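# Sharing a model that was predicted from the sequence below.
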Amino acid sequence: MDKATAVADLTDLLAKFTAHIGKRLPTDVTQKLGELREKEVNFLAKEVYESMRQNQEAADKLDRPSCQDTGVIQYFLQAGAQFPLLGELEEILQGATAGATRMGPLRHNAVETFEEKNTGTNTGSKIPWLDWEIVPNDDSVTIDVYMAGGGCTLPGKATVLMPGQGYEGVAEFVFDVITSRGVNACPPLLVGVGVSTSAETAARLSKKAILRPVTSRNPNDKAALMEELLADGLNELGLGPQGLTGNHSVMGVNIESSARHPSTIGVAVSTGCWAHRRGRIKINADLTHEVISHEGFQS
Amino acid sequence: MKKILTTPIRDEDLESLNIGDVVYLTGTLVTCRDVAHRRLIEQGRELPVPLKGGAIFHAGPIVRQKDDGEYEMVSIGPTTSMRMEKFEKAFIEQTGVKLIVGKGGMGPETQQGCLENKAVHAIFPGGCAVLAATQVEKIEAAEWTDLGMPETLWVNRVKEFGPLIISIDTKGQNLIEENKAVFNEKKKPILERINQQVRFIK
C-alpha cells in the first residue's frame, strides 16, 4: 500500500471510530450505570435513570449522537516511535475530526478564540487537541478519543497547595469542586484527580485519569486508598443523577500522579459526565486495528 | 396520570406546581441560550419569536437540513441553565415566558423572577438528547441563524416533552439550592473522617 492510500484509509477508520464514540458509551461505563441504576430508590433518581436508559436505546436504534453536545474532540496518543505513519498522525486526526463531524453528525463546537467565529468543522487552531506520549521500541499507536462536552468541562479546576495543606488539602479541593460545580455536570460523574508538581501538570494528569476504566485502581496502595475514600465520601453526599439526590454521586474516582517539588502540591480535578464518551483503539504497524473500549464497532 | 402543560401557559396552570413535581409539555418550545439572552437584555434587540405564555429551552441542538430544505431535529438535550442566571429575571419580565427548561439549578435572581411573574424552571434529564429529539414533532422556524447551529432560536412543536422536573416553582422554592445546602452540610464530617486517613506526609 502506498503512503497516500494508507493515510486516507486510517483517516476514514478514525473518523468512523470518532463518530461512533458519540453514539455508544464504552462498555465499562454502561456496566457501571446499570449497577448504579439498580441501587437507586429515590423517585426522581429512578425517573432520570429511566430517561437515560431510553435515551441510549433510542440513540442506538436511530444511529444518532446520544448527547447533543459532542464536545471539543481531544485525542490522547501513546505512539510507538516506530509507528510507520507517526509523522502523518496529526493530519490524519484533523481529517478524522472533520469526517466524523459530517458522518455523526457532530455539533459544531470549535469557536476560534478572539475571532469569536465558529469554524463549523470542529477543527481550528490546535483543535482537535492532541496529547502525545512516545513509546520506545514499539510500532503501534494506541489512541484515546475524548469528547469534551461543555457541561462536564466547566467544573475543571487546578491549583497549587502548600505542603502544609497535605493530602487533606487535596481531599478538600476535590470536595469543593464537586459540591459547588459538579451538580451541573450531569452526575453520576467520573472524577479525575491529578496530584503533581504544578497547575498544568496536575491538570493534564487529571484528564488522563478519566481515560482509565471506571473500576480501575491506582497501582500505588496509598493512591488507591485515596481513590476509594474519595469515591465513598462523594457518594455519601448523595448528589444522585442530575443533582436531584440519590444513593450515588460518582461512577468512580481515578487519581494519577507524578513526583513533585518538595515545596508544592499541584492538584487538579477533571470531571466526566454520566455520558462519558471516550474510546480506545489500537492501530498496528500493518494498519489492522483493535477496539479496546467498545464492543460491536463496525468499520 | 401524566400532568401535561400546554402553550400558551396561564398563571393558574403553574400555581399548584411544587418543586420535585414531574410534568410534560405539549405545544411550542423555543431554544434560547447565551447570546439570545444577551441580545435581548444587553443590546435591547427585540426577540424574533414572541414568548408570552411560552416556553424556552436552554439547549443547543444538532439539526440536519434535509434535501427539501426542511430541518430535522437530530439530538437536543439541555445545557447548563446557570449560565443564563445573569439575564433570566429580566428576560422573564420582558418576554412573559412561563416555562424555562434546562439543566441543573438556577440562582436567586431567577427564583425572584419566577416568584414575581408566576413562572417556573424545570430540569430535563441532561444528556438525554435523542429521547428529547423524538418528542419534537416538527421544527417550525429557525431565527437568528447567524448565531450558528447551537445558538439559533429553533422553534419546535413538541408533544408530551419530558420528563420535566420542576426545580423552581411560582412560590420561589428552589430544589437544587435546597439540595446543595444539604450536600454542603454533609461535607464537613465526611472530610474530617477522610483526612484522618490521608496523612501521608510525616
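Cool, got the structure.
# what comes up buried for stretch A:150-162?
The neighbour-count criterion (16 or more other Cβ atoms under 10 Å in any protein chain shown) identifies A:150-161 as the buried residues of stretch A:150-162. Every C-beta, even on glycine, is put in place using the N, C-alpha and C of the backbone.
# just stretch A:111-128 next, same as before
A:111, A:118-119, A:122-124, A:127-128.
# Next, see if it gets close to chain B.
Yes. Stretch A:111-128 reaches chain B (Cβ under 8 Å from any Cβ of the partner chain) through A:118, A:120.
# for chain B, what spans make up the helices?
Per DSSP state H, chain B carries helices over the ranges B:11-14, B:34-41, B:85-95, B:108-117, B:129-133, B:175-197.
# Can you give the contact residues for the third one?
With contact meaning Cβ atoms under 8 Å, 6 or more residues apart in numbering or on different chains, helix B:85-95 is reached by B:37-38, B:40-42, B:47, B:51-52, B:54, B:84, B:97, B:100, B:106-107, B:109-110, B:112-114, B:116-117, B:119.
# The shortest one too?
Where contact means Cβ under 8 Å, 6+ apart, the residues beyond helix B:11-14 that reach it are B:5-6, B:98-99, B:118-120, B:169-170.
# same check, this time on the fourth one
Where contact means Cβ under 8 Å, 6+ apart, the residues beyond helix B:108-117 that reach it are B:85-86, B:88-93, B:96, B:100, B:119-121, B:168-172, B:174, B:177.
# pretty sure A:Leu237 contacts B:Lys187?
Yes. Counting by Cβ atoms under 8 Å, A:Leu237 touches B:Lys187, with 6.6 Å between them.
# Settle it for me: which of those two has more neighbours?
Between A:Leu237 and B:Lys187, counted using other Cβ atoms under 10 Å in any protein chain shown, the more crowded position is A:Leu237 (24 against 19).
# Got the phi and psi for that one?
Per-residue torsions, A:Leu237: phi -60, psi -30 (degrees, to the nearest 10).
# Just give the closest residue to it, not the sequence neighbours.
Leaving aside its chain neighbours, A:Leu237 sits nearest to B:Phe183 (4.9 Å; criterion: Cβ to Cβ, 6 or more residues apart in numbering or on different chains).
# What distance do you get for that neighbour to A:Pro187?
Distance, B:Phe183 to A:Pro187, by Cβ to Cβ, to the nearest Å: 11 Å.
# Equivalent analysis for B:Ser75, please.
For B:Ser75, the distance to A:Pro187 (Cβ to Cβ) stands at 21 Å.
# give me the number of residues near the residue in the stretch 101-250 of chain A that chain B sits nearest to?
Taking Cβ to the nearest Cβ, chain B has its nearest neighbour within the stretch 101-250 of chain A at A:Asn184, 3.4 Å off. If you count neighbours by other Cβ under 10 Å, A:Asn184 ends up with 25.
# thinking again about what came up before, which of the buried residues of stretch A:111-128 sit farthest apart?
Using Cβ to Cβ, the pair of the buried residues of stretch A:111-128 lying farthest apart is A:Asn118 and A:Pro128, separated by 15.3 Å.
# so where do the helices sit in chain A?
Remark: helices assigned in chain A by DSSP H are A:3-21, A:27-39, A:43-62, A:89-103, A:150-153, A:166-181, A:199-209, A:221-237.
# Using PDB, write out every CA atom in the fourth one.
Which is helix A:89-103. What follows is helix A:89-103, C-alpha atoms only, in PDB (Å, rounded to 0.1, in the frame of the first residue of the first chain):
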ATOM      1  CA  LEU A  89      -0.900  11.300  12.600                       C
ATOM      2  CA  GLU A  90      -1.700  15.000  13.300                       C
ATOM      3  CA  GLU A  91      -3.000  15.500   9.700                       C
ATOM      4  CA  ILE A  92      -4.900  12.100  10.000                       C
ATOM      5  CA  LEU A  93      -6.600  13.100  13.200                       C
ATOM      6  CA  GLN A  94      -7.600  16.500  11.800                       C
ATOM      7  CA  GLY A  95      -9.200  14.700   8.900                       C
ATOM      8  CA  ALA A  96     -10.800  12.200  11.200                       C
ATOM      9  CA  THR A  97     -12.400  15.000  13.200                       C
ATOM     10  CA  ALA A  98     -13.800  16.800  10.100                       C
ATOM     11  CA  GLY A  99     -15.000  13.400   8.700                       C
ATOM     12  CA  ALA A 100     -16.700  12.500  12.000                       C
ATOM     13  CA  THR A 101     -18.400  15.900  12.100                       C
ATOM     14  CA  ARG A 102     -20.100  15.100   8.700                       C
ATOM     15  CA  MET A 103     -20.800  11.500   9.500                       C
END
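# any bit of it sitting next to chain B?
No. Using Cβ under 8 Å from any Cβ, helix A:89-103 stays clear of chain B, coming no nearer than 10.3 Å.
# angle of that helix against helix A:3-21?
Interaxial angle, helix A:89-103 versus helix A:3-21 (axes from the mean of the first three to the mean of the last three Cα atoms, to 10 degrees): 50 degrees.
# For chain A, what's the nearest residue on chain B?
Nearest residue of chain B to chain A (Cβ to the nearest Cβ) works out as B:Gly104 at 3.4 Å.
# Skipping its backbone neighbours, what lies nearest that residue in space?
Closest residue to B:Gly104 apart from its sequence neighbours, by Cβ to Cβ, 6+ apart: A:Asn184 at 3.4 Å.
# check contacts around the one you found.
A:Asn184 neighbours (Cβ under 8 Å, 6+ apart): A:151, A:154-155, A:243, B:80-82, B:103-105.
# Now stretch A:197-215: average pLDDT?
Taken as a whole, stretch A:197-215 has a mean pLDDT of 98.
# Is there proximity between that stretch and chain B?
No. Using Cβ under 8 Å from any Cβ, we find that stretch A:197-215 stays clear of chain B, coming within 15.0 Å at best.
# How far does that stretch sit from its chain's centre?
On the basis of Cα atoms, centre = their mean, to the nearest Å, stretch A:197-215 sits 10 Å off its chain's mean C-alpha point.
# do stretch A:50-62 as well
21 Å.
# same thing with stretch B:147-160?
So, by Cα atoms, centre = their mean, the centroid of stretch B:147-160 is 13 Å from its chain's centroid.
# Among the contacts of A:Asn184, name the buried ones.
Buried members of these, scored by 16+ other Cβ under 10 Å, are A:151, A:154-155, A:243, B:80-82, B:103-105.
# what domains does the record give for chain A?
A:3-23+A:66-149+A:277-291, A:151-272 (automatic domain parsing).
# Could you pull up the mean pLDDT of the first one?
This means domain A:3-23+A:66-149+A:277-291. Here the average pLDDT along domain A:3-23+A:66-149+A:277-291 is 96.
# Tell me which helix or strand in chain B has the weakest average pLDDT.
Taking mean pLDDT, DSSP states H and E as the measure, chain B has strand B:62-65 as its least confident helix or strand, at a mean of 91.
# Compute the first-to-last residue distance for stretch A:285-297.
End-to-end span of stretch A:285-297 (Cα to Cα, to the nearest Å): 20 Å.
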